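Asker: I would like the atomic coordinates for the input below:
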Amino acid sequence: MKRFIDSELQKWSQQKIFKPLLLRGARQVGKTYAVRELGKLFDNFIEINLELNPKARGIFAADLYPQRIIQEVAYLTKQEVIPGKTLLFFDEIQAEPQALLAYAIFMK
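Answerer: As a prediction, this is how the structure comes out:
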C-alpha cells in the first residue's frame, strides 16, 4: 500500500545534501516500516533502536560532534557509514534526550 509518507521520504532521499529527518506521529502508524522501506533505496541501512539499546544511547553522552557519533555508530554496528550511501535510522529517538538535542543542533 503506497502512502503519502513514502513519496515524501523518496523525495528526501533524492537530495544532494542530506539533513537529518525527524518523523513524528501517533504510535503504530507505520513510521518505522516506512523508513525501513526507504532503507532499501540505499546501499547500506543502519537501524538503531535507542529504546532497546542502552549502549547506543551512550553514543550521545560525550559530546554531539557528528564525526564522533558516526564513528561510534560504525563501531557499535560493525558497519561502515558512507556519506550519501548509508541511511542511518535512530528509532525511538525520544528515549535519549541528547540525541534529540543533536538533531536540533544539526538542523541549524
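
Asker: now F106: closest residue in space that isn't a chain neighbour?
Answerer: Take F106 and drop its neighbours on the chain: the residue closest to it by Cβ to Cβ, 6 or more residues apart in numbering is P20, 5.0 Å away. From N, CA and C alone the C-beta is placed, and that goes for glycine too.

Asker: go on, E47?
Answerer: That would be F89: by Cβ to Cβ, 6+ apart, it lies 4.6 Å from E47.

Asker: which residues touch the one you found?
Answerer: F89 makes contact with V35, R36, G39, F45, I46, E47, I48, according to Cβ atoms under 8 Å, 6 or more residues apart in numbering.

Asker: how about I82?
Answerer: I82 is in contact with D43, N44, counting by Cβ under 8 Å, 6+ apart.

Asker: ok, it to L50 distance?
Answerer: Distance, I82 to L50, using Cβ to Cβ, to the nearest Å: 22 Å.

Asker: with P97 instead?
Answerer: Distance of P97 to L50, computed by Cβ to Cβ: 10 Å.

Asker: with neighbour numbers in mind, choose between these two.
Answerer: L50 (20 against 11; other Cβ atoms under 10 Å).

Asker: spatially central residue for this structure, please.
Answerer: Central residue of the chain (Cα atoms, centre = their mean): F89, 2.5 Å from the mean position.

Asker: so which helix or strand takes in that one?
Answerer: In this structure, F89 is located in strand 86-91 according to DSSP states H and E.

Asker: sounds good, over and out.
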